[in-house]
Structure formats: structure tokens, C-alpha cells
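Trainee: here are the coordinates; sequence isn't available:
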């Protein structure tokens with residue numbers, strides 16, 4: 001999405017004479033192209049049905065990791081056996097895990113607004129300083145206020161998660177908080193620094209010199225980055241701890257040997273997990289921004305507002321696509337590192353009964369790419385016609401066709417009719433080879449990079465009058481991208497936690513009571529129920545919050561601290 005100001009209108013928030021008299025161009029045949037988005041949504045529904053009703057049972061995904069690892073659980077140290085009565089939560093036999101999944105996944109959806117949104121806001125303000133496109137300053141300011149208001153939501157869910165861990169997993173909480181004392185302490189300090197930068201950044205807008213204000217903005221983004229880094233020490237260490245046992249040596253600055261502490265804190269997957277989360281959060285925030293912009297586009301009637309929110313939709317989609325093209329590359333690097341240090345967990349999520357989760361995640365990623373391609377194809381059609389670049393529109397059509405082929409390959413299960421691919425009874429799917437999937441993902445990433453490049457070049461001279469005609473298909477695609485962006489974050493969080501089941505710290509601290517009566521991970525019905533409830537909650541909260549933080553040019557609204 002280019003942000004170069006048009007020579008015809010230096011400030012896109014100022015409409016030239018008689019511009020308000022020009023009606024917004026609507027679709028001549030509103031229902032003519034809607035079959036495209038409905039077909040894509042229907043295809044996604046069919047994909048979910050395929051995974052849940054066919055792949056899940058035929059890869060025996062209903063067999064719990066607890067049952068499959070009973071031998072390893074029996075060999076766990078007796079030091080980690082629960083000596084206190086376990087607080088039970090009687091919800092579908094997995095109440096404790098449901099509580100943790102709900103609060104932690106909800107926390108991640110709110111926390112990622114800061115991890116991704118802080119960089120989008122700071123970079124947007126930087127581009128505004130260079131280009132003087134007022135819209136960039138307004139969107140940066142609106143995003144920051146959005147995060148200021150929603151900060152308490154993420155913090156509340158995080159505190160609830162700590163409470164539930166202490167109450168429902170007492171031995172794990174006691175030992176892990178001792179092991180991770182210094183990362184938790186540094187995270188708490190960074191949390192306070194993040195608050196200082198965030199609120200100072202917001203309340204000093206237009207009140208201090210821009211250079212100093214940018215220091216606050218990037219200080220906020222960096223503080224969030226390293227706060228997340230501390231949290232990933234804790235989360236990453238649970239799956240790939242870097243040690244085979246926890247040996248407490250007594251009281252003092254360190255309760256475990258220094259070498260063990262370093263191996264636990266700077267666990268083998270830490271940096272890979274960190275950067276994957278950063279770019280996933282940028283993508284997530286971009287798609288959320290686009291979805292909310294569509295809601296405002298529909299809610300507002302004036303031409304200036306329509307043009308502004310049309311621009312915001314494209315701006316959000318561009319940020320979403322930017323993170324999306326990097327995310328799968330880092331994701332594959334992360335998974336390959338898990339393979340190198342925790343082969344059992346890798347086998348469960350790639351070649352075992354948890355593989356349906358990876359298939360669901362990869363398929364959702366593919367649908368996100370297809371949705372973005374459809375948005376570009378539909379939104380840019382008139383622009384390409386005006387710029388005599390119809391060949392580019394045809395190129396996007398080709399991208400969409402290639403994307404469908406990639407989707408077909410990516411959603412192929414590697415095997416069926418056995419819990420593990422190595423089982424002699426397993427049927428090997430010739431189309432499910434990982435080599436084919438890697439090529440397909442690479443093709444999606446390459447098309448994404450080309451779309452970003454084309455968008456930056458072709459739209460550099462776009463006129464203000466070209467905005468405001470956001471078609472129904474484009475609007476629907478942006479909303480669908482936002483919903484898929486939420487869904488894929490939920491899936492990724494679940495996959496990592498599912499990979500370490502039935503352990504809280506892999507091969508060291510088991511999930512209590514450590515027997516077949518408490519199955520882990522969550523069953524498909526339970527986790528889908530959690531995902532649906534959380535998704536509805538965050539969409540409602542995001543929309544209501546954005547109604548307060550949004551800038552509407554036609555009303556000349558000014559968001560002031």
C-alpha cells in the first residue's frame with residue numbers, strides 16, 4: 001500500500017472544492033461477484049468439516065497424549081507428584097485445561113495487539129513525518145489509543161492465567177515460578193516500562209517535538225518486544241526446556257545451577273519462537289485493522305469518511321500481508337528446531353495424532369493468502385483499468401488459481417487410518433508429501449511478496465478520487481481476513497501447548513494427576529468451543545473500542561488526550 005501523497009491533493013484528509021458533490025461509486029451489479037467470496041467461505045467451511053469429521057477420526061486424533069505416553073509418565077520423578085488435593089473443574093472431563101486455554105488464548109489475542117500494533121503505529125508515524133500524509137498520523141494515533149484502552153483486558157487475562165495455574169496446577173506453579181524467577185521479575189519490570197512508554201506516547205501526541213515523540217513510540221515497541229521475549233522464555237522452556245531434570249540447590253540468587261538456568265531460560269527454540277510471534281502479531285494486527293475499517297466504512301455515510309476508511313482497509317491488508325509472507329518461513333524454521341531438540345513432540349504434531357492441528361493451521365494460512373489475493377483482485381480492478389494495467393489484474397487472477405492448487409496440496413493429510421505415520425497399518429497419501437507442501441507454501445509466500453511489490457509501485461500515483469468505492473466483495477474479503485487472522489493465532493497457541501501434552505514441562509513435570517483419567521490435550525469439541533467463544537468476545541470488544549478511537553474526517557473529529 002503506497003503512502004505517497006497525491007500531487008492532486010497534498011493532504012488526503014482535506015477534500016478539494018466540489019469533491020463532496022461526487023457520489024461514491026457503487027457496484028453496478030452488487031451481487032455479480034459475491035459468489036467469489038461466498039465460494040471461498042463455503043470452501044473454508046468444507047475444509048473445517050473435512051478436518052474435524054474425516055482427518056481427525058481417521059488419524060485417531062481422539063486418542064489422548066496422556067494415554068500414548070503413560071510409560072513416560074510413570075517414569076516421571078516422584079518429586080512432581082501432587083501432594084495436595086487437585087482443584088477439579090468438571091467441564092467435559094477437561095475443565096482445568098479449558099480454563100487455562102480460555103484465559104491464555106484470550107490474553108494472547110489482546111497482547112498481540114501491542115506486539116504488532118506498536119510497530120505499525122511507530123512506523124506509520126515515521127512515514128507521516130517524511131510524507132506529510134495526515135492519514136498516517138491519524139491511524140497511528142488511533143491505533144495507540146486502541147491499545148491504551150485494551151491494555152487492561154490483556155493484563156486481566158494474564159493475571160487470571162497465573163491464578164488458574166497456581167490453583168489448578170500447584171506443583172508446576174511452585175517449581176516453575178522458582179525456576180523462572182528472574183525472567184518473571186525482568187518481565188514485570190518491562191511491563192512497567194511498557195506502561196510508561198505507551199501512556200507517555202499517547203498523552204504527549206502533538207505536544208512534544210516529533211523526534212522525541214518517535215523515541216517514545218519505538219521505546220514502546222521495543223519494551224513490548226523484550227517483555228514478550230521474557231514470556232517466551234517461560235513458554236518456550238515448557239516445550240523445549242534444554243535440560244532433562246530440574247535440580248534445586250537451595251536458597252539464594254539462583255535456586256538451580258547457573259548452567260541449568262541458562263539452558264532453561266535461553267532454551268533452544270527461544271529466538272525462533274520470538275520472531276515468529278512478532279511477525280504473526282504484525283499480520284494479525286493488520287488484518288484486525290482492515291476488518292474494523294470495513295465496519296466503519298459501512299457505518300459512515302459521508303464521502304470523506306468512505307474514502308478514509310477505504311484507504312485504512314487497504315493499509316491494514318498491506319500490513320497483514322507483510323507479516324503473512326514472513327510468518328510461514330519463520331514457522332517452518334521454528335518447527336524444524338523443535339524436531340532437532342524434541343523429536344517426540346515433533347512426531348506427535350507432524351506424524352502423529354496431533355497432526356490434524358498442523359493441517360488445520362496450514363490450511364487456515366492458505367485461506368488467508370487466498371482471501372488477500374481475492375481482495376487485491378477485486379479492489380484493484382478499477383484502478384488497474386484506469387492505469388491501463390489490466391495485465392496486472394489478470395496476474396492476480398492467475399495468483400488466485402495457483403493459490404487454489406497450493407491449498408489443495410497443503411490440506412492433504414500425509415496418512416490415514418492409524419495414529420502415527422510410521423504405523424504399518426497407515427495408508428500413505430501420495431499427495432500428502434511434505435516436499436509438495438513446502439513447495440506450495442513457498443509459492444504462496446512468493447506470490448505474497450510480488451503482490452506487495454506491485455501494490456507499492458502501481459498505487460504510488462493513486463488519486464484521492466479513486467478511494468471510496470470499496471466493493472462488497474472487497475469488504476467481505478477484508479472481514480473474512482480479520483476473522484481468519486484471529487483464528488490462526490488461536491490455532492498456533494493451541495498447537496504449541498498441545499505438542500507438550502501430557503507434560504507441563506516436557507519430560508520433567510507431568511500434567512496432574514498424570515493418568516488416563518485426565519486426558520490431554522483438549523479434545524476437538526472442547527477446543528473449538530473455546531475458540532468460538534473467544535473469537536466472538538474479541539470481535540465485539542474490538543469493534544466497540546474502535547468506535548471510540550476512530551478518526552472520522554467528515555466530522556472533523558480530533559482524538560485528544
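Mentor: Received, thanks. Given the structure is predicted, the values throughout are model-derived calculations rather than measurements. Residues are numbered from 1 along each chain as shown.

Trainee: buried set for the helix or strand residue 308 falls within?
Mentor: Assigned by DSSP states H and E, residue 308 belongs to helix 303-341. For helix 303-341, a neighbour-count test (16 or more other C-beta atoms under 10 Å) marks 303-328, 330-332, 334-335, 337-338, 341 as buried. All C-beta spots, glycine's among them, are computed from the backbone N, C-alpha and C.

Trainee: in whatever helix or strand comes next after that helix, what's buried?
Mentor: Going down the chain from helix 303-341, the next helix or strand is helix 343-350, by DSSP H and E. Buried residues in helix 343-350, counted by 16+ other C-beta under 10 Å: 345, 346, 347, 348, 349, 350.

Trainee: Helix 343-350 - what's its average pLDDT?
Mentor: Helix 343-350 carries an average pLDDT of 95.

Trainee: Residue 81 versus residue 203, what's the distance?
Mentor: With distances taken as C-beta to C-beta, to the nearest Å, residue 203 is found 51 Å from residue 81.

Trainee: burial measure for the nearest residue to residue 213 once chain neighbours are set aside, as a count.
Mentor: Residue nearest to residue 213 in three dimensions, not counting chain neighbours: residue 204, with 6.1 Å by C-beta to C-beta, 6 or more residues apart in numbering. By other C-beta atoms under 10 Å, the residues close to residue 204 number 15.

Trainee: Any stretches of the stretch 251-400 of the chain with poor pLDDT?
Mentor: 380-390 (pLDDT under 70).

Trainee: quick one, what contacts the residue nearest to residue 213?
Mentor: 212, 213, 216 (C-beta atoms under 8 Å, 6 or more residues apart in numbering).

Trainee: Could you tell me the phi and psi values at it?
Mentor: With angles defined as degrees, to the nearest 10, residue 204 sits at phi -100, psi 10.

Trainee: buried set for the helix or strand containing residue 289?
Mentor: Per DSSP H and E, residue 289 falls inside helix 270-299. Using 16+ other C-beta under 10 Å as the test for burial, helix 270-299 gives 270-297.

Trainee: now it and helix 303-341, what's the angle there?
Mentor: Helix 270-299 runs at 160 degrees relative to helix 303-341, counting by axes from the mean of the first three to the mean of the last three C-alpha atoms, to 10 degrees.

Trainee: for helix 270-299, packing partners?
Mentor: In terms of contacts (3 or more C-beta pairs under 8 Å, 6 or more residues apart in numbering; DSSP states H and E), helix 270-299 is packed against helix 95-131, helix 134-168, helix 210-239, helix 303-341, helix 472-499, helix 524-549.

Trainee: tell me the centre residue of the protein?
Mentor: residue 489 (3.6 Å; C-alpha atoms, centre = their mean).

Trainee: pLDDT score for it?
Mentor: pLDDT, read off for residue 489, is 97.

Trainee: show me the contacts for it.
Mentor: 108, 109, 112, 280, 284.

Trainee: What is the nearest of those to residue 446?
Mentor: Each of these was scored against residue 446 by C-beta to C-beta, and residue 280 proved nearest at 19.3 Å.

Trainee: Next up, the contacts around the closest residue to that closest one other than its chain neighbours.
Mentor: The shortest distance from residue 280 to any non-neighbouring residue, by C-beta to C-beta, 6+ apart, is to residue 327 (5.1 Å). By C-beta under 8 Å, 6+ apart, the contact list for residue 327 reads 276, 279, 280, 283, 365.

Trainee: cool, and residue 454?
Mentor: So residue 454 contacts 392, 395 (C-beta under 8 Å, 6+ apart).

Trainee: Residue 533 is in contact with residue 105, correct?
Mentor: No. If you go by C-beta atoms under 8 Å, residue 105 and residue 533 don't touch, sitting 9.9 Å apart.

Trainee: Who has more neighbours out of those two?
Mentor: More neighbours surround residue 105 than the other of residue 105 and residue 533, with 25 against 13 (other C-beta under 10 Å).

Trainee: Please name the residues that touch the more buried one.
Mentor: Shown in contact with residue 105 (C-beta under 8 Å, 6+ apart): 490, 493, 494, 530, 531, 534.

Trainee: Now do the second one: how many residues are near it, please.
Mentor: The burial count assigned to residue 493 is 21, neighbours taken as other C-beta under 10 Å.

Trainee: surely it meets residue 102?
Mentor: No. In this structure residue 493 lies outside contact range of residue 102 using C-beta under 8 Å: 11.4 Å.

Trainee: Could I get the average pLDDT for stretch 496-513?
Mentor: Mean predicted confidence for stretch 496-513 is 90.

Trainee: For it, buried residues please.
Mentor: So, applying 16+ other C-beta under 10 Å, buried residues of stretch 496-513: 496-512.

Trainee: So which of those sit within strands?
Mentor: 503, 504, 505, 509, 510 (DSSP state E).

Trainee: Tell me which residues touch residue 77, please.
Mentor: Applying C-beta under 8 Å, 6+ apart, the residues contacting residue 77 are 245, 508.

Trainee: quick one, phi psi at it?
Mentor: Dihedral angles (degrees, to the nearest 10) for residue 77: phi -60, psi 140.

Trainee: What distance do you get for it to residue 255?
Mentor: From residue 77 to residue 255 the distance is 16 Å (C-beta to C-beta).

Trainee: Residue 538 too?
Mentor: Relative to residue 255, residue 538 is positioned 38 Å away (C-beta to C-beta).
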